[in-house]
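S.K.: have a look at this prediction, sequence included:
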Amino acid sequence: MKIFVKFDFSTVCNKILEEKLDETGLKYKIRSFGEVEFLENISKQDQKLISEKIRDYGMEIIENQKTVLVQKIKDAILHMIRSGEQIHVKASVYLSEKLGHSYGYISNIFSEVTYTSIENFIILQKIEYAKQLLIAENLSLTDVANRLNYSSVAHLSTQFKNTTGITPSQFQKIVSKRREIGNKKIS
Amino acid sequence: MNKEYTYIILVDDDEDDRLFFSEAFDEIKISTKIRTFKNGVELMDYLNTEESMLPEILFLDLNMPKKNGIECLHEIKADPKFSEIAIAIYSTSSSEEHIEETFVSGANIYIKKPGDFDTLKKVLQEVVTINWQYQTSGLNKENFLLKM
């Protein structure tokens, strides 16, 4: 015969984590899913011990907390650009409020991990979004400039050219020629 | 997640160009692993070998004996298993017609070979940095077009 078991993923994980952490004798609190706060500083040895104890369950400590922060910054930037929400503060103010750290702190960590600055990353992401709007939704350059809050079409064009080396219209031309070739191959 | 370095291949029949290219990466912050080939035949043999590791970026010189850069580009773009490779054309030509043709054929990056070593370092640094953002931020490689 067979039986079927239903289980709650987060209960299982938290239960295992609790058992294993209890074995270490350290004082801790499980905050949200996957976030553990220790009431004191824990040593490298303790971290190693925890890693060994949870490894068999397919769990691991995310080594680099900077990587986690950078991912949060990237998510916030994407939200800022793509959500359509009207944001009336400077990007630096928006990000530091959203992340709860000073802008100096987050911009240093961001550059260290990604090898580029937050400012350059924002421009790159805006231009990527512009490309997508130009080809997928067939918007005019004026529409795209408005959607992305550029002060003028000229400003968008210049930034597009500076970032990619080609103009928006060259970009559109290349993409449509690529499509023509692709279509010919299919038919 | 991602590898900790960017694997780069250059195909160029000029020995000096290969040397300068490899040296230019020595001072770049992003870690890279460079491999070079002398011509398109050597490159395609390597890429078509089952166990070969595929590069993140492939730099192609256009004028090469045996098999030129454009021929390599067409072969690579025709094979879906190479779709993740960013292709950079690395050429002395700066004719707009040439550039558009290679982009239309599927190249992502077009670099006119710089005349001096400092500019070369700067250009390659920028290419690798931008490619790194595509590699680590899930950007759509199909829209990746860059002219330097």
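M.R.: All right, it came through fine.

S.K.: what residues does chain B have near chain A?
M.R.: Neighbours of chain A within chain B, by C-beta under 8 Å from any C-beta of the partner chain: B:29-30, B:100, B:103-104, B:106, B:110, B:129-130, B:132-133, B:136-137, B:139-140, B:143, B:145-148. (Glycine included, C-beta is placed from N, CA and C.)

S.K.: could you flag which of those are buried?
M.R.: Neighbour counting with 16 or more other C-beta atoms under 10 Å in any protein chain shown marks B:30, B:100, B:103-104, B:106, B:110, B:129-130, B:132-133, B:136-137, B:139, B:143, B:145-148 as buried within those.

S.K.: re earlier: cross the residues of chain B next to chain A against strands and list the overlap.
M.R.: The strands, defined by DSSP state E, take in B:110, B:146, B:147 from these.

S.K.: mean confidence for the lengthiest helix in chain B?
M.R.: Using DSSP state H, we find that the single longest helix of chain B is helix B:117-136. When pLDDT is averaged over helix B:117-136, the result is 92.

S.K.: what's it packed up against?
M.R.: Secondary-structure packing of helix B:117-136 (3 or more C-beta pairs under 8 Å, 6 or more residues apart in numbering or on different chains; DSSP states H and E): helix A:103-114, helix A:118-136, strand B:6-11, helix B:15-24, strand B:57-60, strand B:86-91, strand B:109-112.

S.K.: residue closest to the middle of chain B?
M.R.: For chain B, the residue nearest the mean C-alpha position is residue B:59 (2.1 Å; C-alpha atoms, centre = their mean).

S.K.: quick check: that residue touching residue B:17?
M.R.: No - in this structure, residue B:59 is not within contact of residue B:17 by C-beta atoms under 8 Å, at 10.0 Å.

S.K.: could you tell me which residues touch both of those two?
M.R.: Common contact partners of residue B:59 and residue B:17 (C-beta atoms under 8 Å, 6 or more residues apart in numbering or on different chains): none.

S.K.: list the neighbouring strands of the worst-scoring helix or strand of chain A on mean pLDDT plus their orientation.
M.R.: Within chain A, no helix or strand scores below strand A:36-38, which has a mean of 84 by mean pLDDT, DSSP states H and E. Sheet pairing of strand A:36-38 (DSSP bridges) gives strand A:28-30 (antiparallel).

S.K.: quick one: the strand it pairs with to chain centroid distance?
M.R.: Relative to the mean C-alpha coordinate of its chain, strand A:28-30 is positioned 26 Å out (C-alpha atoms, centre = their mean, to the nearest Å).

S.K.: same thing with stretch A:62-79?
M.R.: Distance, centroid of stretch A:62-79 to centroid of chain: 6 Å (C-alpha atoms, centre = their mean).

S.K.: for that stretch, buried residues please.
M.R.: A:69, A:70, A:72, A:73, A:74, A:76, A:77, A:78.

S.K.: do the same with stretch B:77-96
M.R.: Buried residues in stretch B:77-96 (16+ other C-beta under 10 Å): B:77, B:82, B:85, B:86, B:87, B:88, B:89, B:90, B:91.

S.K.: likewise stretch B:48-67?
M.R.: Quick answer for stretch B:48-67 (16+ other C-beta under 10 Å): B:55, B:56, B:57, B:58, B:59, B:60, B:61, B:62, B:64, B:67.

S.K.: got the angle between the longest helix of chain B and helix A:118-136?
M.R.: 70 degrees (axes from the mean of the first three to the mean of the last three C-alpha atoms, to 10 degrees).

S.K.: and the angle for helix B:117-136 with strand B:86-91?
M.R.: Going by the same axes, to 10 degrees, helix B:117-136 makes 160 degrees with strand B:86-91.

S.K.: so what's the residue of chain A found nearest chain B scoring on pLDDT?
M.R.: Using C-beta to the nearest C-beta, the closest approach of chain A to chain B is made by residue A:165 at 3.0 Å. pLDDT, residue A:165: 96.

S.K.: rewinding a little: save the ones in strands among the residues of chain B next to chain A as CSV, and put in pLDDT too.
M.R.: Shown next, in CSV, are these (pLDDT from 0 to 100):
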residue, pLDDT
B:110, 97
B:146, 94
B:147, 94
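
S.K.: where's the nearest residue to residue B:77 once chain neighbours are set aside relative to residue A:27, distance?
M.R.: In space, and not counting its chain neighbours, residue B:77 is closest to residue B:106: 3.9 Å by C-beta to C-beta, 6 or more residues apart in numbering or on different chains. Note on residue B:106: its distance to residue A:27, by C-beta to C-beta, to the nearest Å, is 58 Å.
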